[in-house]
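K.L.:
Everything below, folded, please.
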Amino acid sequence: MRVRDIQGDLVLRPDARKGAAFLIAALVATVAIVAAILVGDAPTVFAPIVGAVFAVLIALGSCAFFRARIVLTAHEIVLRGIFFQRRRSRSRAAEVVRATLVAPRASPGDTLFVLDAQRNLLIRVPGSGYAREDIDRLVSALGVPCSGPDHPVDANELAKTYPGLVPWVERYPYRFAFALAVAGVVVAAVVTLVLVSISE
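P.N.:
The predicted structure is shown next:
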């Protein structure tokens, strides 16, 4: 089962259907890319390298699926991932903002923003890997007022109604990508100049 009650605790696990879909898509993509390298003009040495990279990503995704949990106890809200665990006092939760966030080149994802009494972000609960009915149950179990847009929105649109919930990077992904590209070019130019000056 995805959801279990253990001595009053609510434990949410990722949706097995979504986990299986991720695994199948990743495996198909890996096989297709490696096959394209082998039959194409690219050096065949890249095939095992690409295969190894994708294998690591698949392994990390699988570990995240099996380890991830959202746990609601009488005293805490706990998020557990593959490399982290976040704990917040449940008594500080005063409000929930629920939004279906749309990101570039990604499927819309259900997200909960749990706020304190001053409407500051207490904890962000990513729900995209969980069944929608499980997130419904979590919202109900929290027992605090819930609001949010009734249609999918991007981070910038959400920030207009609920300022401070999403970071600048998420609100302006293309600007961030452009800034990274510019920084990469600058670093490459500096390194090139340094190497040229040393060689001279």
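K.L.:
Give me the three-state assignment for residue 191.
P.N.:
helix (DSSP: H, G, I helix; E, B strand; the rest coil).
K.L.:
same question, residue 125
P.N.:
Assignment for residue 125 (three-state DSSP): strand.
K.L.:
any weak-confidence spans in this protein?
P.N.:
1-8, 105-107, 172-174, 176, 178, 195-196, 199-200 (pLDDT under 70).
K.L.:
Just the strands from it, written as ranges.
P.N.:
Ranges of strands in the chain, per DSSP state E, are 3-6, 9-12, 69-72, 76-80, 85-89, 95-102, 109-115, 121-126, 146-147, 153-154.
K.L.:
mind listing what the last one pairs with, with the direction of each?
P.N.:
Next to strand 153-154 in the sheet, as set by DSSP bridges, lie strand 95-102 (parallel).
K.L.:
Could you check how far the partner strand is from the centre of its chain?
P.N.:
14 Å (Cα atoms, centre = their mean, to the nearest Å).
K.L.:
outside of it, which residues touch it?
P.N.:
Strand 95-102 has contacts (Cβ atoms under 8 Å, 6 or more residues apart in numbering) with 108-115, 119, 135, 139, 142, 144-149, 151-155, 158, 162, 165-166. Glycine gets a C-beta too; all of them are placed from N, C-alpha and C.
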